[in-house]
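Novice: Curious how this folds, go ahead:
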Amino acid sequence: MSDQNDLSSDDNLDDPLADPIDQIDRLTAERDELRDRFMRALADAENARKRADKERRDAEQYGGSRLARDLLPVHDALTRALDTAGDEQRAAAPGLIEGVELTLRELANVFNKHGITILAPQIGDRFDPQNHEAMFEAPVPGTRAGDIIQVMDNGFKLHDRLLRPAKVGVSSTPSS
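Specialist: Numbering: from 1, shown residues only. The predicted structure is shown next:
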């Protein structure tokens with residue numbers, strides 16, 4: 001008789017004398033627990049899929065950001081070369097100037113193809129800390145505080161991420 005009392009609760013399912021209501025309650029609880037575990041596993045799998053999809057998209061869009069950053073000084077050097085070339089140099093070496101212009105244009109096309117945009121603020125634009133880095137402040141008559149008064153370097157964005165802020169000088173003229 002003691003052997004019958006030592007039976008586990010699973011054995012009670014096969015026991016014809018066990019209370020059917022208890023059996024139904026146990027089975028319902030077990031079913032609910034298994035359903036809950038299944039739904040959690042399903043949600044975890046869906047979250048993992050979404051996370052992997054986002055990581056894949058980010059890798060596609062931003063995977064080349066290191067290479068893009070490494071190319072920014074090349075763009076700067078070509079731009080400076082054209083900016084410093086005076087009429088005398090342009091007349092003496094028109095082929096060289098044209099080659100630099102074509103190289104800069106091709107680099108701009110590659111940037112555009114890969115989602116890199118050039119942030120080229122103009123003098124008089126408002127300073128935007130999201131896109132600009134203030135290199136200095138100076139009071140300049142005829143300007144308002146926060147106006148860009150000089151542009152040292154253009155900035156660059158890769159899609160919606162800032163690669164490098166534009167380096168600018170900002171007016172600190174107090175308002176009258």
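Novice: For T103, grab the count of nearby residues.
Specialist: Taking other Cβ atoms under 10 Å as the neighbour definition, T103 ends up with a count of 15. For every residue, glycine as well, the C-beta is placed using N, CA and C.
Novice: Assign the residue lying closest to P141 once chain neighbours are set aside to helix, strand or coil.
Specialist: By the measure of Cβ to Cβ, 6 or more residues apart in numbering, the closest residue to P141 outside its immediate chain neighbours is T173, 6.9 Å from it. Per DSSP: H, G, I helix; E, B strand; the rest coil, the secondary structure class of T173 is coil.
Novice: so T173 makes contact with I149?
Specialist: No: taking contacts as Cβ atoms under 8 Å, T173 lies outside contact range of I149: 9.1 Å.
Novice: where do the contact lists of those two overlap?
Specialist: When contacts are counted by Cβ atoms under 8 Å, 6 or more residues apart in numbering, T173 and I149 are jointly contacted by V140, T143.
Novice: Let me see the mean pLDDT of the longest helix seen in the chain.
Specialist: Across the chain, the longest stretch assigned as helix under DSSP state H is helix 20-62. Computed over helix 20-62, the mean pLDDT rounds to 90.
Novice: swap in stretch 127-147?
Specialist: If you average the per-residue pLDDT over stretch 127-147, you get 94.
Novice: For stretch 93-112, list every residue counted as buried.
Specialist: Within stretch 93-112, the residues that count as buried by 16 or more other Cβ atoms under 10 Å are I97, V100, L104, L107, A108, F111.
Novice: Pick out the most distant pair among these.
Specialist: Of all pairs drawn from the buried residues of stretch 93-112, the one with the largest separation by Cβ to Cβ is I97 and F111; the distance is 21.0 Å.
Novice: tell me the domain boundaries of this structure?
Specialist: For the chain, the structural domains run 2-61, 63-171, going by automatic domain parsing.
Novice: and among those, the most buried is which?
Specialist: Each of the domains of the chain was given a mean neighbour count from mean count of other Cβ atoms under 10 Å, and the largest, a mean of 15, is that of domain 63-171.
Novice: first to last residue in it, what's the distance?
Specialist: Length of domain 63-171, first residue to last, Cα to Cα, to the nearest Å: 37 Å.
Novice: Specify the local secondary structure of the closest residue to T103 other than its chain neighbours.
Specialist: Of all residues not flanking T103 in the chain, L78 sits nearest, at 6.0 Å (Cβ to Cβ, 6+ apart). L78 carries the three-state label helix when classified by three-state DSSP.
Novice: Ok, M152 next?
Specialist: Under the three-state scheme (three-state DSSP), M152 adopts strand.
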